[in-house]
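I need the structure of the sequence given here:
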Amino acid sequence: MQQGMLFHALDNPGSGLYVNQISVAVEQLDPARLQAAWAQVVARHATLRSGFLWQGGLRQPLQVVQRQVPAEVRVIEGETDVIAFAERDRAAGFDLARPPLQRMSLLALGEGRWQLVWTMHHLVTDGWSGAQLIKEVLQVYAGERLPAPVARYADYIAWLQRQDGDAAEAFWRQRLAGLDEPCLLADSLPRPAEGSGHGVTYSHYDAAETERLRVFARQQRVTLNTLLQGAWLLLLQRYTGKQRVTFGATVAGRPTSLAGA
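Alright, predicted model coming up:
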């Protein structure tokens, strides 16, 4: 997954692909204590001190961990347009070969009010680990002592390298043997005259509609997730005209066979 994100980031320079950001308002914060907590947690996790090398004819990219990286919480005075600052910080991006691939900023808004803006590259953190990171920062900020890490990121890399790639390929070739070609929804829709793009559509369900879906899912002995995926499959059938359709779904899974995952 990381190699895929690195490829797309390098293939689309300046696009901001996989640059994520969290911006939250906080009050009565002690910047010095936050700085100390942030530095301790960055030193604790190798992935937060990582950069990526791909130049010089490497057969595959490498994730390189530095012993030390800057772990500064920038305190910014006089910046009142939080949205404009966040947009500029995100647009600045990162040099993927030079860690840290994240920035923590505190905008002083006066009267004990602050805006915390955390900009990071998805190559080094995801939703689960990001939540764990913030939890640890808050624990250290509160004066708690963190337990020793259960596992290292290198353990996960080693686990990945032990997996049987040939067996995985054979499994998926068998599962997908009934498909003649990729199942692409885009092929059934009008193409734009030039270029490409993306859009977002929001659907809102009130409490009654949501409960109706929950009741139906319980009757069918499936989860709401399975119900929605089934609806998506039916839509793909209708639009592509194919009897057998397939799609991919991203999951935030962790291997149960790896301690501390």
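
can we go C-alpha only for contacts and neighbour counts from here?
OK.

so Ile157 sits in a helix?
Yes - under DSSP: H, G, I helix; E, B strand; the rest coil, Ile157 falls within a helix.

Tell me which residues touch it, please.
For Ile157, the contact set (Cα atoms under 8 Å, 6 or more residues apart in numbering) is empty.

Pull up the per-residue confidence for it.
Looking at Ile157, its pLDDT reads 84.

and it, how far is that from Leu258?
When distance is defined by Cα to Cα, to the nearest Å, Ile157 is 11 Å away from Leu258.

Confidence-wise, which helix or strand of the chain is lowest on average?
helix 153-162 (a mean of 86; mean pLDDT, DSSP states H and E).

Please put the alpha-carbon coordinates of whichever helix or strand comes after that one into PDB.
Later in the chain than helix 153-162, the nearest helix or strand by DSSP states H and E is helix 165-175. What follows is helix 165-175, C-alpha atoms only, in PDB (Å, rounded to 0.1, in the frame of the first residue of the first chain):
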ATOM      1  CA  GLY A 165       3.300 -13.900  -2.900                       C
ATOM      2  CA  ASP A 166       3.000 -16.900  -5.300                       C
ATOM      3  CA  ALA A 167       0.200 -18.400  -3.100                       C
ATOM      4  CA  ALA A 168      -1.600 -15.100  -2.900                       C
ATOM      5  CA  GLU A 169      -1.500 -14.700  -6.700                       C
ATOM      6  CA  ALA A 170      -2.800 -18.200  -7.200                       C
ATOM      7  CA  PHE A 171      -5.600 -17.600  -4.800                       C
ATOM      8  CA  TRP A 172      -6.800 -14.400  -6.600                       C
ATOM      9  CA  ARG A 173      -6.400 -15.800 -10.000                       C
ATOM     10  CA  GLN A 174      -8.700 -18.600  -9.000                       C
ATOM     11  CA  ARG A 175     -11.200 -16.300  -7.400                       C
END
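
from here on, count from 51
Sure thing, new numbering starts at 51, so read that last one as helix 215-225.

in the least confident helix or strand of the chain, what counts as buried?
Tyr206 (16 or more other Cα atoms under 10 Å).

for the stretch 101-250 of the chain, what are the low-confidence residue spans?
Counting by pLDDT under 70, the stretch 101-250 of the chain shows low-confidence ranges at 245-247.

nearest spatial neighbour of Gln53, skipping sequence neighbours?
Pro111 (7.3 Å; Cα to Cα, 6 or more residues apart in numbering).

Quickly find the element holding Pro197.
Assignment of secondary structure by DSSP H and E places Pro197 within no helix or strand.

can I get the CA coordinates of the least confident helix or strand of the chain in PDB?
Taking C-alpha atoms only, helix 203-212 is exported to PDB below (Å, rounded to 0.1, in the frame of the first residue of the first chain):
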ATOM      1  CA  TYR A 203       7.000  -1.100  12.500                       C
ATOM      2  CA  ALA A 204       9.900  -3.100  11.300                       C
ATOM      3  CA  ASP A 205       8.100  -6.200  12.700                       C
ATOM      4  CA  TYR A 206       5.300  -5.500  10.300                       C
ATOM      5  CA  ILE A 207       7.700  -5.100   7.400                       C
ATOM      6  CA  ALA A 208       9.300  -8.400   8.300                       C
ATOM      7  CA  TRP A 209       5.800 -10.000   8.500                       C
ATOM      8  CA  LEU A 210       5.000  -8.700   5.000                       C
ATOM      9  CA  GLN A 211       8.200 -10.200   3.600                       C
ATOM     10  CA  ARG A 212       7.400 -13.600   5.000                       C
END
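
Appreciated, that's everything.
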